[in-house]
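Novice: predicted model follows, preceded by the sequence.
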Amino acid sequence: MHSGPGPGGGEGKALIVGKVVLVTGAARQLGSRFVRRVQRDPGVDRVIAVDVAEPDRRLGSAVFVRADIRQPSIGRILAEHAVDTVVHLAVTGSPLGSSGRTSVKEANVIGTMQLLGACQKSPTVRRLVVKSSTSVYGAASRDPAVFTETTQPKSLPGGGFPKDASEVEGYVRGFARRRPDVAVCVLRFANILGPRADSPLAEYFSMPVLPTVLGYDPRLQFVHEDDVLDVLSLAAGEPRRGTLNSGTFNIAGDGVLTLAQCSRRLGRPTVPLLLPAVRWVGSALRVVGATDFSPEQIRLLTHGRVVQTAQMRDVLGFTPAYTTAETFADFAASRGGGLLPPAALARTVDRVAGMLDVDASHGDSQRAGEGAHR
C-alpha cells in the first residue's frame, strides 16, 4: 500500500507506532478525513472512529463506534480494542447538528476529562495527540507581536472555545505528569482554512460584506486543512531521527495577512463599524444562525494574533506545504467571486487611502499656515 508524499514535501509519511488508533470527533469533516488518511499507513492494523453522531462521510475500513466521550463507556472501548494511539480531534468551537454552546463546552472539557481518565487507566495507550488552538493565547491590545509556545497570555480567555481549549490543555498537562510513559503531543493550530473549511471564521469570510472594527487592521495567520492532516499523521507516528513527537507546538503557515488584504483577495468589501456596533451585528448574526460571530472572534478581528513556528520545524520536524497566503488563496478560490473583482477592489481601497492621505496632508499644511500667522 502506498502512503504518498510526506509532510513538507519529499519524504514518506511517518508510520504510526500503534497498530490500533482511536480517533475522536470522527463525524466532523476534519475527523473523517483523518480517519481515512491514517488507514493508509502500513503500520496501522485498525482504526476506531468515535463520535456521538453517525458520520455522513465514508470512513473506509475504520470501525465506527457511536459513543459519547463524556460517558465512562470510552474506557471500555479503549480496553476492548487494545488502543495504543489516541488522536483527540473532538475539541472544537462549532456545535455538531442542533447542539448548542453548552453541549459543545461539555464535550470539549468534560469529554476530554473522561477520555484522559480512561487513557490513564489503560495499560495499552502509549501515544496521545490533542488538537488545540492558538486561541489559547487570547487576543488583546497588550499582546506581544509574536507568541511562542511558552508565552503567557496577557489575559486568559474569558469564555467560548478559547477558554475550553485552555482548560483542555491544563488537563492534558496533568495527564502527562501522571503518565510519563505516554508520548503526549498538543498541536495549537492557527485558523484552519481550505476548500472544505467549515469553521466560524470560514463562515465570516464567506459573507458578501465583511463587518470590521473601525481603526483596526489585524494580522492573521492560517494553516491549510491538508497541512493539518499531514502534521496530525506526523505527530501520531514514530519520531524521525532528530525529532520529538511530544510537547506543545504552534502550527501555522509562513507569513501573515492583514484583514484588509484578505478582503481584497476575496473581492468582498468591508464595512468598518465602531466596536459596539460590531458586537451588535455579531449578536444579530448568531441569533439568526447566519454565522457564529462570537465575542472571541470579534477580538481576533480587532487585535489579530501571530505565533512563532520554530518549534514546529526544529523539534517536531514539520514544514507546511502551504504558506498563510497560499492557504487563503486556496480557500478564496473555493468560495467563488465576491461583489467586486479583487483587482478593482484593491484599486478602490488604494484610491480611498490616497485621498485620505492627501486630505490629512492638506489639513496639516493648513494648520501649519495658521500657526505661522499667529
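Specialist: Looks like it arrived, so ask away. Numbering: from 1, shown residues only.

Novice: what comes up buried for the helix or strand where E169 lies?
Specialist: Using DSSP states H and E, E169 sits within helix 160-178. For helix 160-178, the neighbour count (16 or more other CB atoms under 10 Å) marks 160-169, 171-172, 175-176 as buried. In short, each C-beta sits where N, CA and C put it, glycine included.

Novice: next: stretch 79-91.
Specialist: Residues of stretch 79-91 classed as buried: 81, 83-91 (neighbour count, 16+ other CB under 10 Å).

Novice: so which bits of the one helix or strand E326 maps to are buried?
Specialist: For E326, the element it lies in under DSSP H and E is helix 324-334. Within helix 324-334, the residues scored as buried using 16+ other CB under 10 Å are 324-328, 330-332.

Novice: picking that back up, of the buried residues of stretch 79-91, closest to P295?
Specialist: For these, the closest approach to P295 (CB to CB) belongs to V91, at 19.2 Å.

Novice: now the end-to-end length of stretch 312-327.
Specialist: With CA to CA, to the nearest Å as the measure, stretch 312-327 spans 18 Å from end to end.

Novice: now do the helices in the stretch 151-300 of the chain.
Specialist: 160-178, 200-205, 225-236, 259-266, 275-288, 295-303 (DSSP state H, counting those that start in this stretch).

Novice: dump these to JSON lines, plus distance to N245.
Specialist: Output for those, formatted as JSON lines (distance: least, CB to CB, whole Å):
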{"stretch": "helix 160-178", "distance to N245": "13"}
{"stretch": "helix 200-205", "distance to N245": "28"}
{"stretch": "helix 225-236", "distance to N245": "5"}
{"stretch": "helix 259-266", "distance to N245": "33"}
{"stretch": "helix 275-288", "distance to N245": "38"}
{"stretch": "helix 295-303", "distance to N245": "29"}
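
Novice: quick check: which of those helices is nearest to P320?
Specialist: Ranking these by proximity to P320 (CB to CB) places helix 225-236 first, at 4.3 Å.

Novice: hmm, who's touching the closest one?
Specialist: Helix 225-236 has contacts (CB atoms under 8 Å, 6 or more residues apart in numbering) with 6-8, 13-14, 16, 21, 30, 33-34, 37-38, 41, 85, 87, 89, 127, 129, 131, 185, 187, 189, 192-197, 245, 251, 253, 312, 316-318, 320-322, 327.

Novice: and the strands in the stretch 1-150 of the chain?
Specialist: Taking DSSP state E, counting those that start in this stretch to define them, one finds strands in the stretch 1-150 of the chain at 5-6, 9-12, 20-24, 46-51, 63-66, 85-88, 127-133.

Novice: and the angle for the longest one with helix 160-178?
Specialist: Relative orientation of strand 127-133 with respect to helix 160-178: 160 degrees, computed using axes from the mean of the first three to the mean of the last three CA atoms, to 10 degrees.

Novice: counting contacts, what elements does strand 127-133 pack onto?
Specialist: If contacts are counted by 3 or more CB pairs under 8 Å, 6 or more residues apart in numbering; DSSP states H and E, strand 127-133 sits against strand 85-88, helix 160-178, strand 183-189, helix 225-236.

Novice: what sits up against it?
Specialist: 17-18, 25, 84-89, 91, 93, 112, 119, 161-162, 165, 168-169, 172, 175, 182-189, 232, 235-236, 245, 248.

Novice: now do it against strand 20-24, angle only.
Specialist: Counting by the same axes, to 10 degrees, strand 127-133 points 20 degrees away from the direction of strand 20-24.

Novice: neighbouring strands for strand 127-133, and are they parallel or not?
Specialist: As defined by DSSP bridges, the strand partners of strand 127-133 come to strand 85-88 (parallel), strand 183-189 (parallel).

Novice: those: which one's closest to L266?
Specialist: strand 183-189 (21.5 Å).
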